[in-house]
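just need the structure, nothing else, for what follows:
(one chain, ligands or ions: 3)
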Amino acid sequence: MSRKVLVISGDGIGPEITTETRKVLDVVNARFDLGIEFDEALLGGAALDATGIPMPDETLSKAQDSDAILFAAIGGPKWDDVGRDLRPEKGLLQFRSALELFGNLRPAILYPQLADASSLKPEVVSGLDILIVRELTGGIYFGEPRGIRTLENGEREGYNTYKYNETEIRRIGAMAFEAAQKRGGKLCSVDKSNVLEATILWREIMEQMAPDYPDVELSHMYVDNAAMQLVRAPKQFDVVVTGNMFGDILSDAAAMLTGSIGMLPSAALDKNGRGMYEPCHGSAPDIAGEGKANPLAMILSAAMMLRYSLDAVAAADAVEKAVGDVLDQGLRTGDIYSEGTQLVNTSAMGDAVAAALQA
Ligand SMILES: NC(=O)C1=CN([C@@H]2O[C@H](COP(=O)(O)OP(=O)(O)OC[C@H]3O[C@@H](n4cnc5c(N)ncnc54)[C@H](O)[C@@H]3O)[C@@H](O)[C@H]2O)C=CC1
Ligand SMILES: CC(C)CC(=O)C(=O)O
Ligand SMILES: [Mg+2]
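Residues are numbered from 1 along each chain as shown. Ligands and ions are numbered 1, 2, ... in the order given. Got it, this is the predicted structure:
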């Protein structure tokens with residue numbers, strides 16, 4: 001079976017956490033005889049520096065020729081002034097869109113060993129296991145028209161367009177309903193339909209779809225309340241489905257329930273299940289190059305890749321167990337450190353996960 005993985009290490013802490021994730025993948029590749037072939041490509045700031053654009057054609061064609069993509073993160077202050085169309089973030093959005101990676105699964109699971117690191121009290125988060133399904137290639141991050149224009153009175157105005165069509169809503173809805181069927185049978189659709197027309201349609205379509213999934217209990221919540229409920233009583237949620245921007249924001253908040261943004265993996269999937277696997281966090285320029293980054297979100301993203309795109313479930317289980325083992329050993333990067341545990345750097349954390357896999 002062909003297993004070609006394209007690795008994109010990106011900017012900031014990206015190369016550091018990619019090195020650790022490759023260590024882990026190299027061990028499972030050998031131990032489970034997976035035959036994964038790795039290739040590399042540029043995206044974001046690194047691509048802009050090397051080629052003059054943030055998403056080179058070569059990166060897209062390599063991605064189209066791969067079974068899965070493993071991506072770290074892009075961006076940073078170095079590229080703040082390059083212009084809107086050349087920004088690393090623009091390259092990432094173009095890449096997700098070109099590959100039609102519309103469904104972003106962001107599981108927020110609390111490892112019991114990290115109960116002390118969560119922003120909430122242990123009794124509020126213990127056993128937390130929620131899945132945020134974020135629409136990834138539409139909504140206000142992509143809507144046209146957009147821009148900054150000069151008005152008749154001479155002042156400038158920035159504007160964006162929030163829109164979703166029925167096809168976009170139905171395909172993310174189907175992914176979320178199906179996920180809820182496989183989990184606890186509860187789906188909460190998060191919108192702002194008291195104000196935004198695009199989400200009035202969103203809610204209407206979710207309601208229309210519900211009878212096709214009689215085993216799923218559909219509810220709706222406004223996004224402001226959802227943000228509050230997420231930090232008040234997060235275990236009320238099973239699967240949450242929401243648009244691009246709301247999902248971006250709510251999943252960063254959910255990360256803190258699991259101890260750190262450095263613990264939240266994700267899968268961005270197309271309609272055939274081909275995926276790009278990436279931590280939910282960004283390039284963390286404030287700690288880049290210091291050996292402080294937590295590589296576990298990317299390592300757990302690699303486990304999702306093994307499970308969903310490479311048909312290597314036993315290897316995925318082994319990686320997730322190895323992460324639990326190093327947490328049991330008390331090893332912590334700074335973002336998840338608490339008293340009585342052992343502070344380690346990025347590379348020691350990667351080494352420990354790789355060693356746990358060999359044990
Ligand atoms: N998918 C991607 O490539 C994303 C890229 N970005 C870009 O990343 C750059 C920085 O954005 P920020 O808003 O600062 O978000 P960020 O997620 O990079 O960092 C936010 C905070 O979390 C910490 N952090 C993030 N990942 C960590 C890890 N693995 N271990 C330990 N601490 C970690 C950082 O040190 C920082 O204090 C920007 O250029 C932004 O556009 C932001 C989010 C996602
Ligand atoms: C460029 C941003 C939309 C990336 C981001 O924050 C994310 O995907 O979580
Ligand atoms: Mg984000």
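
which strand or helix spans the residue in the chain positioned nearest to ligand 2?
Nearest to ligand 2 in the chain, going by Cβ to the nearest ligand atom, is Glu89, at a distance of 3.8 Å. No exception for glycine: its C-beta is placed from N, CA and C like everyone else's. Assigned by DSSP states H and E, Glu89 falls within helix 88-98.

same thing with Met298?
Per DSSP H and E: helix 296-308 holds Met298.

Ile148 too?
For Ile148, the host element (DSSP H and E) is strand 147-150.

also Ala268?
strand 267-269.

which strands and helices sit next to that strand?
Counting contacts by 3 or more Cβ pairs under 8 Å, 6 or more residues apart in numbering; DSSP states H and E, strand 267-269 is packed against strand 103-109, strand 275-277, helix 296-308.

with mean pLDDT and distance to Lys62 added, can I get these in JSON lines?
Below are the helices and strands packed on strand 267-269 laid out as JSON lines (pLDDT from 0 to 100; distance: least, Cβ to Cβ, whole Å):
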{"stretch": "strand 103-109", "mean pLDDT": "98", "distance to Lys62": "21"}
{"stretch": "strand 275-277", "mean pLDDT": "97", "distance to Lys62": "12"}
{"stretch": "helix 296-308", "mean pLDDT": "98", "distance to Lys62": "16"}
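
a markdown table for these, including distance to Ala179?
Shown next, in a markdown table, are those (distance: least, Cβ to Cβ, whole Å):
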| stretch | distance to Ala179 |
| --- | --- |
| strand 103-109 | 7 |
| strand 275-277 | 14 |
| helix 296-308 | 12 |
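
helices or strands up against the strand holding Ile148?
strand 156-159.

what does the strand it packs on rub up against?
For strand 156-159, contacts defined as Cβ atoms under 8 Å, 6 or more residues apart in numbering pick out 145-151.

write out the residues of the stretch 151-300 of the chain neighbouring ligand 2.
Within the stretch 151-300 of the chain, the positions near ligand 2 by Cβ under 6 Å from any ligand atom are 248, 280.

shaky segments in the stretch 151-300 of the chain?
Of all residues in the stretch 151-300 of the chain, none has pLDDT under 70.

at the contact with ligand 1, which residues of it appear?
Selection of the stretch 151-300 of the chain residues close to ligand 1 by Cβ under 6 Å from any ligand atom yields 261-262, 278, 281-287, 293-294, 297.

just flag the most distant two among the residues you listed.
Glu278 and Asp286 (19.3 Å; Cβ to Cβ).

looking at those two, which is more packed in?
Between Glu278 and Asp286, counted using other Cβ atoms under 10 Å, the more crowded position is Glu278 (29 against 11).

wait, that one sits on Ser301?
Yes. Glu278 is in contact with Ser301 according to Cβ atoms under 8 Å; the separation is 5.6 Å.

hey, what's in contact with both of the two?
With Cβ under 8 Å, 6+ apart as the test, Glu278 and Ser301 both reach 70, 265-266.

local confidence estimate at the residue lying closest to Ala293 once chain neighbours are set aside?
Residue nearest to Ala293 in three dimensions, not counting chain neighbours: Ile13, with 3.9 Å by Cβ to Cβ, 6 or more residues apart in numbering. Here the pLDDT value assigned to Ile13 is 98.

next, give phi and psi for Ile13.
phi -70, psi -10 (degrees, to the nearest 10).

let me see the contact set for it.
Ile13 sits next to 72-73, 283-284, 287-288, 293, 346 when contact means Cβ under 8 Å, 6+ apart.

dump the residues you listed to JSON lines, plus neighbour count and secondary structure.
As requested, these are exported to JSON lines (neighbours: other Cβ atoms under 10 Å; DSSP: H, G, I helix; E, B strand; the rest coil):
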{"residue": "Ala72", "neighbour count": "30", "secondary structure": "strand"}
{"residue": "Ala73", "neighbour count": "30", "secondary structure": "strand"}
{"residue": "Ser283", "neighbour count": "24", "secondary structure": "coil"}
{"residue": "Ala284", "neighbour count": "24", "secondary structure": "coil"}
{"residue": "Ile287", "neighbour count": "19", "secondary structure": "coil"}
{"residue": "Ala288", "neighbour count": "18", "secondary structure": "coil"}
{"residue": "Ala293", "neighbour count": "32", "secondary structure": "coil"}
{"residue": "Thr346", "neighbour count": "23", "secondary structure": "helix"}
